[in-house]
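J.: Sequence plus predicted model, see below.
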Amino acid sequence: MAAAALRLGGRTLLRRTQQLSDQRRRLFFSNTKLHAATPEEKKLLAFRQAEIDGKQEELYDMVFGLVSKYDLHLRDGRRYRLLLERLSVNVEPRPNDLYWRQRRRMELAKRFVLFVGAHTLCFSAVQGVYQVSKEVRVKRRNWVDDWDEWWHGNKTLSHHLNDWWNGR
């Protein structure tokens, strides 16, 4: 058993690293090439962007047809409605389509609520920390402070006794 485990560990350590293909390597971000440099690359980039935009339009139409024609169950229906909201922001405007306007409005409202909620949460957290630290910094009074106030004439003995009696 131990020999088999050692043999497996040795093979794993000595195995060569796997070489990635060019397409898989492009999935990883690198700063070496951020934009298309040659005219051929620019044409290819423009072609691919147009192709992606067309596919988004097709996908929106397909998902809209699926959601409007069939009664989907909870998880699937929610997943496709969320996909429609995302696509409604990315496809060409369709002002006569009521469903497109509703989904676009929902997506923009979600983005707004997320933005305002994050800022409100940060502001509330900062204010809460400030209030807690302010309360921690409040000096507690003791009998020496009360005696000092009475002695220097800021408070009479009757005021001091009244405060003591009401504070019990």
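T.: That came in fine, so what should we check first? Predicted model only: the values in this text are computed from it and were never measured.

J.: Against which helices or strands is the helix or strand encompassing N162 packed?
T.: Per DSSP states H and E: N162 is located in helix 157-166. Secondary-structure packing of helix 157-166 (3 or more Cβ pairs under 8 Å, 6 or more residues apart in numbering; DSSP states H and E): helix 143-151. To be clear about C-beta, it is placed using only N, CA and C from the backbone, and glycine gets the same treatment.

J.: Give me the angle between the helix it packs on and helix 157-166.
T.: 150 degrees (axes from the mean of the first three to the mean of the last three Cα atoms, to 10 degrees).

J.: Now helix 143-151: average pLDDT?
T.: Here helix 143-151 scores 71 as its mean pLDDT.

J.: how about that helix as CSV, C-alpha atoms only?
T.: This file holds the C-alpha atoms of helix 143-151, laid out as CSV (Å, rounded to 0.1, in the frame of the first residue of the first chain):
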residue,chain,number,x,y,z
TRP,A,143,-18.7,60.5,43.3
VAL,A,144,-15.5,62.5,43.0
ASP,A,145,-16.8,64.4,40.0
ASP,A,146,-20.1,65.1,41.8
TRP,A,147,-18.2,66.3,44.9
ASP,A,148,-16.0,68.5,42.8
GLU,A,149,-19.0,70.2,41.1
TRP,A,150,-20.7,70.7,44.5
TRP,A,151,-17.5,72.1,46.0
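
J.: packing partners for it?
T.: helix 157-166.

J.: just checking, next helix/strand downstream of the worst-scoring helix or strand of the chain on mean pLDDT?
T.: Least confident helix or strand, the chain: helix 22-26 with a mean of 57, by mean pLDDT, DSSP states H and E. Later in the chain than helix 22-26, the nearest helix or strand by DSSP H and E is helix 39-69.

J.: what helices or strands is that next one leaning on?
T.: Looks like helix 39-69 contacts helix 74-90 (3+ Cβ pairs under 8 Å, 6+ apart).

J.: got the angle between the helix it packs on and helix 39-69?
T.: For helix 74-90 against helix 39-69, the angle by the same axes, to 10 degrees is 140 degrees.

J.: Check the gap between H159 and D61 for me.
T.: According to Cβ to Cβ, to the nearest Å, H159 stands 81 Å off from D61.

J.: now S88
T.: Counting by Cβ to Cβ - S88 and D61 are separated by 12 Å.

J.: more neighbours, these two?
T.: Shown here are S88 and D61; by other Cβ atoms under 10 Å, S88 has more neighbours (23 against 12).

J.: Hmm, that one is touching L98, no?
T.: No: S88 lies out of contact with L98 (Cβ atoms under 8 Å); the separation is 11.8 Å.
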